[in-house]
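# sequence below, structure please.
(one chain, ligands or ions: 1)
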Amino acid sequence: MGTITHLSGIDGADEGTRGTVVNHRMRQVTELVAADGTWNEGLVGEVRDLFDSLAPDWTATRDHPRRNLPVLDALERGGVSRGGVDGRTVLELGAGTCISARDLAGRFDTFVAADLSWGMLSNAVDGAPPLVCADGSSLPLVDGVLDVLILQNMFLFAAEVDRCLAADGALVWVNSRGPETPIHLSTGAVVDALESATGVGWDAVDSTVGEATWAVVRRA
Ligand SMILES: C[S@@+](CC[C@H](N)C(=O)[O-])C[C@H]1O[C@@H](n2cnc3c(N)ncnc32)[C@H](O)[C@@H]1O
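Numbering: from 1, shown residues only. Predicted coordinates:
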């Protein structure tokens, strides 16, 4: 139903190879969640335990000077930025240790980060925005409050994205290692999941920054 516009890619933000995604459990969970919103107590516990265990080393093993180029490029070339102010109310969901805060804090009127894993949030970088420990399948937000929702290497809860995004809101979807990211969906799969959950069309613009992929998705 919607249209996807592909922009040419720009040079890099490579994170290098870190394991393989073949049959990666988090890829399986990503596809289950996107397909029909499958999510239950067992998955909550499994995912929370995994990321709690990874939290102490997360920043040291992921942060590098070019790590945030893809999300910044998505904001700029994806058309989210407006005169230097990228949006009034912005949530980064599944923010982990908030590596992006270095480049995102201060850009928005209101910027909050949320994550299921308290381990991740308790290891947040200096300068992180206000933190909320919450499950992205059921956010403590009123309908339509978000101008921008940022999901970097995070599951897509399509119905909740639709509920929380303002009518003209934008979803910013980033995979830091492109298809090699365990929690990855192609732009087409993101659009399909949103359209199937909402019954309306969604348009996307996407591109690459080195090995990273990004998409900015809005209701058509
Ligand atoms: C692969 S990490 C990415 C962290 C960060 N966005 C980054 O790119 O560095 C996925 C994050 O999503 C969080 N997460 C997974 N399921 C979630 C849910 N249902 N609600 C909120 N956060 C969730 C995990 O705890 C973890 O911190």
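# after the one helix or strand in the chain whose mean pLDDT sits lowest comes which helix or strand?
One helix or strand of the chain scores below all others by mean pLDDT, DSSP states H and E: helix 101-104, with a mean of 92. Toward the C-terminus, helix 101-104 is succeeded by strand 110-115 as the next helix or strand (DSSP states H and E).
# check whether that following strand comes near the ligand.
Yes: counting by Cβ under 6 Å from any ligand atom, the ligand is contacted by strand 110-115 at residue 115. Using the backbone N, CA and C atoms, a C-beta is placed for each residue, glycine as well.
# and the next helix or strand along the chain from that strand, anywhere near the ligand?
Heading C-terminal from strand 110-115, the first helix or strand you meet, by DSSP H and E, is helix 118-122. Yes: using Cβ under 6 Å from any ligand atom, helix 118-122 reaches the ligand at residue 120.
# now for helix 118-122, which elements pack on it?
Helices and strands touching helix 118-122, by 3 or more Cβ pairs under 8 Å, 6 or more residues apart in numbering; DSSP states H and E, are helix 41-62, strand 131-133.
# select, out of those, the one closest to the ligand.
Closest to the ligand of the helices and strands packed on helix 118-122, according to Cβ to the nearest ligand atom: helix 41-62, at 3.4 Å.
# show me what counts as buried in that closest one.
If you call a residue buried by 16 or more other Cβ atoms under 10 Å, then helix 41-62 has these buried ones: 47-48, 51-52, 54-55, 58-59, 62.
# okay, those residues in a markdown table with pLDDT and distance to residue 206 next?
A markdown table is the format used below for the buried residues of helix 41-62 (pLDDT from 0 to 100; distance: Cβ to Cβ, whole Å):
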| residue | pLDDT | distance to residue 206 |
| --- | --- | --- |
| 47 | 98 | 26 |
| 48 | 98 | 30 |
| 51 | 98 | 26 |
| 52 | 98 | 32 |
| 54 | 97 | 27 |
| 55 | 98 | 30 |
| 58 | 96 | 26 |
| 59 | 96 | 27 |
| 62 | 92 | 22 |
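# ok now the least confident helix or strand of the chain, how far from the chain's centre?
Averaging C-alpha positions (Cα atoms, centre = their mean, to the nearest Å) puts helix 101-104 14 Å from its chain's average.
# and that helix, is it in reach of the ligand?
No: residues of helix 101-104 contacting the ligand under Cβ under 6 Å from any ligand atom: none, with a closest distance of 10.6 Å.
# perfect, I'm done here.
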